[in-house]
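Engineer: please find the sequence and the predicted model below.
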Amino acid sequence: MTILGLSGLLNDPACAVLRDGKLAAAIEQNKIARHWEAGELPREAIAAALELATVAPDQVDCVALVRPFSSGPESALHLALRGEFSNARLVLVEHHSAHAASAFFAAPFDRATVLTLDRHGDFRCGARWRAEGTRIELEKELFFPDSLGDLYGRVTDLLGFHHNSDEHKVQWLATAGGAQFVPLFTEILGLMDSDWPRLDATFFDASRLRDGGFSSKFYAKVGMEDGARIPNSLRPALAAGLQLAIEAAVSKMAGDAENLCLAGGLGFNALLIAALERSRNVFVQPSAGNAGSAIGAVLYAWHSVYRESRRVPFETLCLGPGYNAEAIKKVLENCKLRFHYLQTADELIAAAVRQLSDQKIVAWMQGRMEFGPRALGNRSILASPLNPYSTENLNLYIKHREPFRKFAASVPAELAGEYFETGPNARFLATVGRVKPAHRATFQSAILGDDLVRVHTVSRAENPLFHRLLHAAGQASGLPVLYNTSFNLFGDPLVCAPRDAVRSFYSSGIDVLFAGNFLLEK
């Protein structure tokens, strides 16, 4: 049986393919094609996913399509799908149902409470579900405008960032603030006497189209002149007040759940996941947003439509295209680039360790591209924590981003406990950990407030080459940890193909590129 899932057609389109009970591919359109049109089929993502699954369009048994998928008449899209997949059954999946399926059916739990939280997916912006076995039943709903995601977006605008894209910046800025404004945001969320948010509309002014649309009442509570720009001195405190209030709100919404699954845009908030991990077992769908609901769509169809009881293994997020030596060499030669070919994996690892030991910034493109926004060791920019200039080089000169946005520390899973305290979602970089006191000085450049560090635990089974590189770096330096940030620049998607990697490499201050077994130096 082959099930193809499509999601995010109006925002962040993606395709996933489930073949014979195995997740064979998952690809975002904007990574593989570098463009998309709202409401159009992500044809390049579909073609690449089917190729990876070795399936022809007429062999697809089911197309699971996540709502919303059209801003106008839906008949044209239906005809396009019928023409593309002539033998397939069409299944429509409600937005939050797809999120719930993406979280629970990928989780290691047989029974759990599921929370799906986003800005306004199909008008509903949140839901709580009871899940057991192959059944997910709705318990409670949250509707716009009582949206945690919308409030987070409003504060993102208020602090001078862009909503719908920069919420992660507010999250990291929050680690430098305190609890001063937690009561204010608790009041805005309507959580003084309730476990379920009901936003207080008096804190907003619909006539104000900038800075989050907050009302004079909000500015008075903050102690500022109405409509004034937020000074830099208050920005971390406001971010922290929002973050801590959101964490408390989600915990209340989860109730007394021992096992908790999350998906939806708020699932990208690693500080939220870490806060929840302190009191319960948590699994968050690491590709929590609209794109990830393509995975939810195929899992929903597998369990809820075809009534399959066998769980689909969720073993990796490296579900995109990979490129062999011939494909990489063709690009390098077409670009008239000088390169060195490393014959074996031993040579590749040794060369990478030498470059890292020489305090070089290394771009690492190996294997299949990651699904979702986070680099997990296949499309990464790497540096040694022992490099005293790693913070300045990575953040300022390569990524061109704010210093409060720290990079991750990748470490072999079996050694992580020596350096960090972290939860199970560190496997997908979906949570944060704490550096142990003995190693605080070593990782100072990656530490957020309260000794927090973005930790990525790497297992040999999931990513053997990157796991091997970490161990080899440890043998050379005594520290089996590398700083890791996503291989992309200037707001572009994560690099996918060799040409993307070459373009980003030569447009940046990265010193060295390893694309497969090919080494390029500047």
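Structural biologist: In hand now; what should we look at?

Engineer: can I see the domain layout of this protein?
Structural biologist: Listed domain ranges for the chain are 2-98+291-305, 148-280, 325-521 (source: automatic domain parsing).

Engineer: secondary structure class for the residue lying closest to D511 once chain neighbours are set aside?
Structural biologist: Leaving aside its sequence neighbours, D511 sits nearest to K360 (Cβ to Cβ, 6 or more residues apart in numbering; 4.0 Å). C-beta here means a position set from N, CA and C on the backbone, and glycine is covered the same way. Put simply, K360 is coil when judged by DSSP: H, G, I helix; E, B strand; the rest coil.

Engineer: pull the longest helix from this structure.
Structural biologist: Secondary structure of the chain read by DSSP state H shows that its longest helix is helix 235-254.

Engineer: so which elements touch that helix?
Structural biologist: strand 111-117, strand 124-132, helix 148-158, helix 167-173, helix 182-188, helix 270-277 (3 or more Cβ pairs under 8 Å, 6 or more residues apart in numbering; DSSP states H and E).

Engineer: neighbours around the residue lying closest to K252 once chain neighbours are set aside, how many?
Structural biologist: Among residues not flanking K252 along the chain, D195 sits closest, at 4.3 Å (Cβ to Cβ, 6+ apart). Residues within reach of D195, counting by other Cβ atoms under 10 Å, total 12.

Engineer: was I right about G212 contacting G160?
Structural biologist: No. Contact criterion Cβ atoms under 8 Å: G212 and G160 do not qualify, at 10.4 Å.

Engineer: okay, these two: which has more neighbours?
Structural biologist: A direct count of neighbours by other Cβ under 10 Å for G212 and G160 places G212 higher, at 21 against 13.

Engineer: can I take it that the more buried one is in a helix?
Structural biologist: Yes. Assigned with three-state DSSP, G212 falls within a helix.

Engineer: among the helices and strands packed on helix 235-254, which is nearest A254?
Structural biologist: Taking Cβ to Cβ, strand 111-117 is the member of these nearest to A254, at 5.9 Å.

Engineer: pull out the buried positions in that closest one.
Structural biologist: By neighbour count on 16 or more other Cβ atoms under 10 Å, the buried set for strand 111-117 is A112, T113, V114, L115, T116, L117.

Engineer: the second one - nearest residue in space that isn't next to it in sequence?
Structural biologist: Taking Cβ to Cβ, 6+ apart, and ignoring the residues beside it in sequence, T113 has A257 as its nearest neighbour in space, at 3.4 Å.

Engineer: now do the fifth one
Structural biologist: The shortest distance from T116 to any residue other than its chain neighbours is 4.0 Å, reached at H99 (Cβ to Cβ, 6+ apart).

Engineer: what comes up buried for the helix or strand that contains the one you found?
Structural biologist: In this assignment (DSSP states H and E), H99 forms part of helix 95-104. Residues of helix 95-104 classed as buried: H95, H96, S97, A98, H99, A100, A101, S102, A103, F104 (neighbour count, 16+ other Cβ under 10 Å).

Engineer: again with stretch 453-463
Structural biologist: Those would be V453, R454, V455, H456, T457, V458, E462, N463, for stretch 453-463 by 16+ other Cβ under 10 Å.

Engineer: wait, isn't the residue nearest to T116 in contact with D118?
Structural biologist: Yes. Using Cβ under 8 Å, H99 makes contact with D118 at a distance of 7.2 Å.

Engineer: give me the most central residue, the chain.
Structural biologist: In the chain, the centroid-proximal residue (Cα atoms, centre = their mean) is P373; its distance is 4.1 Å.

Engineer: hmm, T316 is touching S459, no?
Structural biologist: No. Using Cβ under 8 Å, T316 is not in contact with S459, being 9.8 Å away.

Engineer: so, low pLDDT: which residues of the stretch 101-250 of the chain?
Structural biologist: 121-122 (pLDDT under 70).

Engineer: ignore the last one, the stretch 251-400 of the chain
Structural biologist: In the stretch 251-400 of the chain the weaker segments, taking pLDDT under 70 as the threshold, are 391, 396.

Engineer: do a quick rundown of the strands in it.
Structural biologist: Using DSSP state E, counting those that start in this stretch, the strands of the stretch 251-400 of the chain run over 259-263, 281-284, 340-341, 362-365, 379-383.

Engineer: please state the offset of the fourth one from the chain centre?
Structural biologist: What that stands for is strand 362-365. 19 Å (Cα atoms, centre = their mean, to the nearest Å).

Engineer: and what of the shortest one?
Structural biologist: The offset between the C-alpha centroid of strand 340-341 and the centroid of the whole chain comes to 33 Å, using Cα atoms, centre = their mean.

Engineer: counting contacts, what elements does it pack onto?
Structural biologist: Contacts defined by 3+ Cβ pairs under 8 Å, 6+ apart place strand 340-341 against strand 518-521.

Engineer: which strands and helices lie in contact with the strand it packs on?
Structural biologist: Secondary-structure packing of strand 518-521 (3+ Cβ pairs under 8 Å, 6+ apart): helix 325-334, strand 340-341, strand 512-515.

Engineer: so what's the most far-flung residue of the chain relative to its centre up against?
Structural biologist: Distance from the C-alpha centroid of the chain peaks at E225, with 37.1 Å (Cα atoms, centre = their mean). Contact analysis of E225 by Cβ atoms under 8 Å, 6 or more residues apart in numbering lists Y219.

Engineer: and it, that one's in a helix?
Structural biologist: No. Counting by three-state DSSP, E225 falls outside a helix, being coil.

Engineer: how much space between the residue nearest to D511 and V91?
Structural biologist: 49 Å (Cβ to Cβ, to the nearest Å).

Engineer: ok, now Q359?
Structural biologist: Distance, Q359 to V91, using Cβ to Cβ: 53 Å.

Engineer: those two: who's more crowded?
Structural biologist: Between Q359 and V91, V91 has the larger neighbour count (other Cβ under 10 Å), namely 19 against 15.

Engineer: that one: what's it in contact with?
Structural biologist: C62, V63, A64, L65, A297, Y300, A301, V305.

Engineer: pull out the buried residues from those.
Structural biologist: Applying 16+ other Cβ under 10 Å to the contacts of V91 flags C62, V63, A64, L65, A297, Y300, A301 as buried.

Engineer: quick check: bridge partners of the first one?
Structural biologist: Beta-bridge pairing of C62 under DSSP bridges involves I3, R89.

Engineer: mind checking how far it is from K436?
Structural biologist: Distance from C62 to K436, by Cβ to Cβ: 48 Å.

Engineer: fine by me, we can end here.
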